[in-house]
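Colleague: Model the following, please.
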Amino acid sequence: MKSSGLLGASAVIFPKPCCLRGITLKGDTGKEPSLTIYDNATEASGTEQAVSMVSDECHCDHQTWEKGEKFCSSGIYASLSAAEGDYIVDYDYD
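Modeller: Prediction:
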């Protein structure tokens, strides 16, 4: 399994076909960012694969999937709604 490492802005995670394995989003205190994962290698468009949101009451969200459950044929792009959170995306590729 590979990881994006800790990121704080929208970014291309992997530009080739792969499997989304997990996401972790942590919001800053008092902020409510969201993270949307797209099956796309260049921008926030295409098929949504996952959405993660945190609230002022719950500052962290973690989701995981089995290998092959969330296949991204074009790659992975992560779109963070604001610069008030950090995230990690885990993925596999062959």
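Colleague: Point out where this structure drops to low pLDDT.
Modeller: Along the chain, segments meeting pLDDT under 70 span 83.
Colleague: Okay, helices next: where are they in it?
Modeller: With DSSP state H as the definition, the chain shows no helices.
Colleague: Which parts of it are strands?
Modeller: For the chain, strands defined by DSSP state E occupy the ranges 2-3, 11-14, 18-27, 34-39, 47-53, 60-64, 71-72, 76-80, 85-92.
Colleague: Export those as TSV, with columns for mean neighbour count.
Modeller: (C-beta placed from N, C-alpha, C; glycine too.) Shown next, in TSV, are those (neighbours: other Cβ atoms under 10 Å):
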stretch	mean neighbour count
strand 2-3	13
strand 11-14	18
strand 18-27	21
strand 34-39	21
strand 47-53	16
strand 60-64	14
strand 71-72	19
strand 76-80	24
strand 85-92	20
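Colleague: how about residue 27, what does it touch?
Modeller: 33, 54-55, 59-60, 84-85 (Cβ atoms under 8 Å, 6 or more residues apart in numbering).
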